[in-house]
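[1] A structural model of the following input is requested.
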Amino acid sequence: MTKHTSNNPFVFTMTEVRRNLTAIVRKLRRKHEPAIIKRGGESIAVLLSMAEYERLLRYQKLAVFNKLARKIGRDVEKSGLTEEQLMAELEETKREVFREQYSNLK
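    Down below sits the predicted model:
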């Protein structure tokens, strides 16, 4: 299998992956690092442990949330609402949504 150093990711050829998939997956789970898969010298895919994949998804969701929060902040600034007014409107919206969702459960 391909050698690995702390500065370089694991790199495997397609042939190595076909022959040693179980061992490669074990290694990735243990090391929590990705592996690059190459074919003909070209990087074609990345193999991640589940922990690394979940971490990547968290970063992706956080980036989307931050983008949305910045957009809301800009929109609020444009509207001229104070922070107190915004919080009051959010609280009222929360109550309305709660009533819509749970008022028929009696």
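[2] distance between stretch 66-82 and the chain's centre?
    The chain centre lies 24 Å from the centre of stretch 66-82; the measure is Cα atoms, centre = their mean, to the nearest Å.
[3] what mean pLDDT would you report for that stretch?
    The average of the pLDDT scores along stretch 66-82 is 90.
[4] Tell me how this protein divides into domains.
    What automatic domain parsing lists as the domains of the chain is 10-48, 60-105.
[5] would TSV of these with mean neighbour count be doable?
    Backbone N, C-alpha and C define where each C-beta goes, glycine included. Shown next, in TSV, are these (neighbours: other Cβ atoms under 10 Å):
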stretch	mean neighbour count
domain 10-48	14
domain 60-105	10
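[6] Let me have these in JSON lines, adding distance to E54 as columns.
    Below are those laid out as JSON lines (distance: least, Cβ to Cβ, whole Å):
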{"stretch": "domain 10-48", "distance to E54": "9"}
{"stretch": "domain 60-105", "distance to E54": "11"}
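[7] how about R18, secondary structure?
    helix (DSSP: H, G, I helix; E, B strand; the rest coil).
[8] From K38, how far out is it?
    Separation of R18 from K38 (Cβ to Cβ, to the nearest Å): 13 Å.
[9] what's the answer for E92, then?
    56 Å.
[10] likewise R55?
    24 Å.
[11] Centre of the chain to stretch 76-86, how far?
    The answer for stretch 76-86 is 30 Å, by Cα atoms, centre = their mean.
[12] Straight-line length of that stretch, end to end?
    Terminal residues of stretch 76-86 are spaced 8 Å apart (Cα to Cα, to the nearest Å).
[13] Return the distance of the residue nearest the centre of the chain relative to M14.
    The centre of the chain sits closest to L57, judged by Cα atoms, centre = their mean, with a distance of 1.7 Å. Distance from L57 to M14, counting by Cβ to Cβ: 26 Å.
[14] what's the answer for L21, then?
    Taken as Cβ to Cβ, the span from L21 to M14 is 11 Å.
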